[in-house]
Every structure is written in C-alpha cells, then in structure tokens.
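> Below is the sequence, then the predicted model.
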Amino acid sequence: MHYLITGGSGFIGTHLTRRLTEAGHEVTVLDDLSAGYDWEHLSPTGAHLVRGSVLDRFTVERSIDDVDWVIHLAAVVGVQRAMQNRIRTLRVCHQGTQNVLSAATARHRRVFVASSSAIYGKITNTPVAEDNDVLLGSPQKDGWLYSTAKMCQEHLALAYHHERGARVWIGRLFNVIGPLQSGTGGMVVPRLVTQALDDLPLTVYGDGKQTRTFVYIDDALDGIQRVTGRGEQATPYNIGGTCEISILDLARMIRRIAGSSSPIRLIPYREVLGEDFEETQKRRPSIDRLCQLGYAPRYSLEESLRAIIDHHRRDPE
Ligand code: UDP
C-alpha cells in the first residue's frame with residue numbers, strides 16, 4: 001500500500017511513517033517542515049519527502065496521483081501556535097483540507113481526516129461520545145478558533161462524502177503524547193517534562209483543576225489504523241485514552257517520575273494566553289465506538305510518562 005501523509009514530519013506523522021514503513025508500506029510525506037521537526041528523523045525510513053504545503057493545490061494533486069491512501073494530519077497544531085497564527089490555522093484547516101479532499105475524490109483515493117477533541121469545545125458532561133452536541137464559545141473569546149476550524153474540516157469531509165462521493169474516514173484525536181512531541185506549540189506534557197528535567201518551575205495554567213485524558217502515541221496509531229482498517233466511512237471515531245487527570249496532578253506525577261525537585265507554579269491564563277482566553281475545563285472521550293473495532297489502549301499514563309521522560313533524558317531537545 002502507498003500512503004501519502006500530509007503533515008507527516010510532525011509528531012504523529014513521524015511515528016505513523018515509521019510504523020507504516022516498518023510494515024513494508026510505501027510512504028510519501030507532504031510537509032512544509034514549518035512545525036520545526038527535522039526530516040533527519042525520517043530519512044532512515046525510506047519515506048519520500050515532498051516539501052510543500054497543503055495550501056498548494058498543484059503539489060497536493062501531484063502527490064496524490066500515485067497513492068492508495070491519504071492520511072491528512074497537516075494542521076497548525078497547539079493552542080499557543082494557533083493563537084499566534086490565526087489566519088494560517090483557518091486556511092490550513094479549510095483550504096488545505098479542501099485541496100486534499102478535492103484531489104483525492106477526483107482520483108477515488110481514500111482519505112483519513114485527523115480531527116480533534118477540540119471540536120467538543122467546553123462540554124463538561126464527560127465522557128463525550130461522537131454524537132454528543134458540542135459547545136463552542138464565542139469567536140470573541142480566544143481559544144475557540146482551533147475548535148471551529150476543526151469542526152469546519154469535519155463538515156467539509158462529510159460534505160465531500162455526501163455530494164461528491166469522497167471516501168473519507170474521520171478520527172478525533174484526544175491529547176496524544178509520546179516521545180518526539182515538541183512543546184513549542186504549547187503542549188503541556190513535553191513542556192512540563194522539560195521543565196522537570198531542568199529543575200525549572202512547572203508551569204500550570206489557571207488553577208490546574210482542568211482535566212485532560214492523554215493517550216500514548218502507540219495506542220493513538222492503533223486507533224487510526226483500526227478506523228482506516230474497519231471503520232465506517234463518514235463516521236467520526238474518538239481516538240483517546242481512559243485516564244482523566246487534572247493538570248495539577250499531571251504536574252505532580254511528572255515531577256515524581258522524573259525525580260525532580262521543581263516547584264509547581266500556578267500561572268493565571270491571562271499572563272500566558274491573554275485576557276480573553278477561555279478553555280475546556282474537562283475532557284474525556286467515550287471510546288466505545290472505537291472499541292467495537294477491537295481498540296483497547298494498552299499504555300497507562302504512568303507508563304506513557306516514563307517512556308517520554310526516558311526519551312527526553314536520552315535525547316534532550
Ligand atoms: N497547560 C499548562 N501548562 C503548560 C501548557 C499547558 O497548564 O505549560 C494546560 C493547558 O492550559 C490545558 C492543558 O494543559 O489546560 C492541556 O494543554 P495542551 O495545549 O497540551 O492541550 P489542549 O489544551 O489542546 O487540550
């Protein structure tokens with residue numbers, strides 16, 4: 001099988017490219033390398049790099065010509081990065097996804113669209129199932145732009161499916177963590193791990209009572225492969241873990257596993273994310289739909305954090 005992975009040199013894309021090439025598949029990565037990941041990570045895999053943007057329609061069309069599957073991961077990832085690149089975040093999600101869907105539909109290629117838990121917005125009756133209503137805040141509140149962009153991406157995928165016969169599969173990824181994830185977009189685990197290992201204060205935003213449910217990269221990849229292997233078309237699947245934890249407890253856990261003496265510092269949102277920032281207070285997926293495809297996450301949060309911390313120790317960025 002030949003896969004095109006858009007955004008394939010990023011955190012999830014790198015792991016997926018390795019897994020697919022190790023299984024004997026051919027992989028082409030379409031990436032503009034704007035997220036700061038180094039292609040060197042992937043050159044030993046034999047994957048081909050097309051250096052370009054999903055915003056460039058002709059590059060997308062050419063890249064899709066020879067493949068069987070498109071795994072569409074390209075996005076401006078991370079709350080902080082998205083807030084600093086608002087127009088680009090919207091364009092990559094909308095125009096980039098449209099370029100992918102249009103080119104793939106014309107060539108009858110299958111497409112996996114990587115959506116996000118962000119689309120559920122500030123819903124607090126967790127666990128959230130795929131058919132639940134979503135609750136997005138006002139556009140004047142920072143924080144909902146990414147959620148809205150991702151929601152629009154899902155609508156585009158469904159619209160192409162219903163009106164043009166696009167072959168689409170959709171996965172909503174919930175806080176994927178693992179080695180090689182960068183903290184530059186604002187992601188909490190790589191940030192806190194680096195801080196703990198450097199004995200710097202752990203920066204916990206707000207009161208730290210907000211919760212997330214993290215999933216280890218290997219489990220997330222398993223989820224993606226189950227959706228593309230046996231999933232229903234045009235049906236969103238939550239891809240996530242089971243252990244919901246507050247960010248304050250996460251910081252304590254990282255500090256303990258790292259054997260660090262870092263203090264924990266609570267930082268008001270307005271100092272890091274601006275006056276008008278509003279965020280999700282609770283997030284946990286229902287994974288029943290994915291479990292029906294045989295999914296069963298294997299890594300506990302403790303094991304995941306140990307693997308990440310060991311990796312940071314061996315290969316500090
Ligand atoms: N967060 C934090 N300290 C940091 C970075 C993030 O307390 O240095 C918080 C952030 O406010 C959010 C949670 O950690 O409540 C998860 O943030 P992340 O950006 O990793 O994921 P998302 O908000 O997209 O779920």
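Sure thing, it's come through. Being a predicted model, the structure only gives us computed values, none of them experimental. Residues are numbered from 1 along each chain as shown.
> Residue numbers of the stretch 151-300 of the chain in contact with the ligand?
Taking CB under 6 Å from any ligand atom, the part of the stretch 151-300 of the chain that reaches the ligand is made up of Asn175, Gly186, Met187, Val188, Arg191, Thr203, Val204, Tyr205, Gln210, Arg212, Ile247, Glu279. Backbone N, C-alpha and C define where each C-beta goes, glycine included.
> low pLDDT regions in the chain?
For the chain, applying pLDDT under 70 flags the ranges 317.
> go again using 80 as the cut-off
For the chain, applying pLDDT under 80 flags the ranges 36, 316-317.
> check contacts around Thr89.
Taking CB atoms under 8 Å, 6 or more residues apart in numbering as the criterion, Thr89 is in contact with Ala75, Val76, Arg81, Ala82, Leu145, Tyr146, Ala149.
> could I get the residues of the stretch 151-300 of the chain next to the ligand as JSON lines with neighbour count?
What follows is those, written out as JSON lines (neighbours: other CB atoms under 10 Å):
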{"residue": "Asn175", "neighbour count": "20"}
{"residue": "Gly186", "neighbour count": "19"}
{"residue": "Met187", "neighbour count": "20"}
{"residue": "Val188", "neighbour count": "22"}
{"residue": "Arg191", "neighbour count": "19"}
{"residue": "Thr203", "neighbour count": "18"}
{"residue": "Val204", "neighbour count": "22"}
{"residue": "Tyr205", "neighbour count": "21"}
{"residue": "Gln210", "neighbour count": "18"}
{"residue": "Arg212", "neighbour count": "23"}
{"residue": "Ile247", "neighbour count": "22"}
{"residue": "Glu279", "neighbour count": "19"}
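> Just give me the closest of those to Leu221.
Asn175 (14.6 Å; CB to CB).
> Spatially nearest residue to Asp32 (excluding sequence neighbours)?
With CB to CB, 6 or more residues apart in numbering as the measure, Ser53 is the residue that lies nearest to Asp32, at 4.5 Å, once sequence neighbours are left out.
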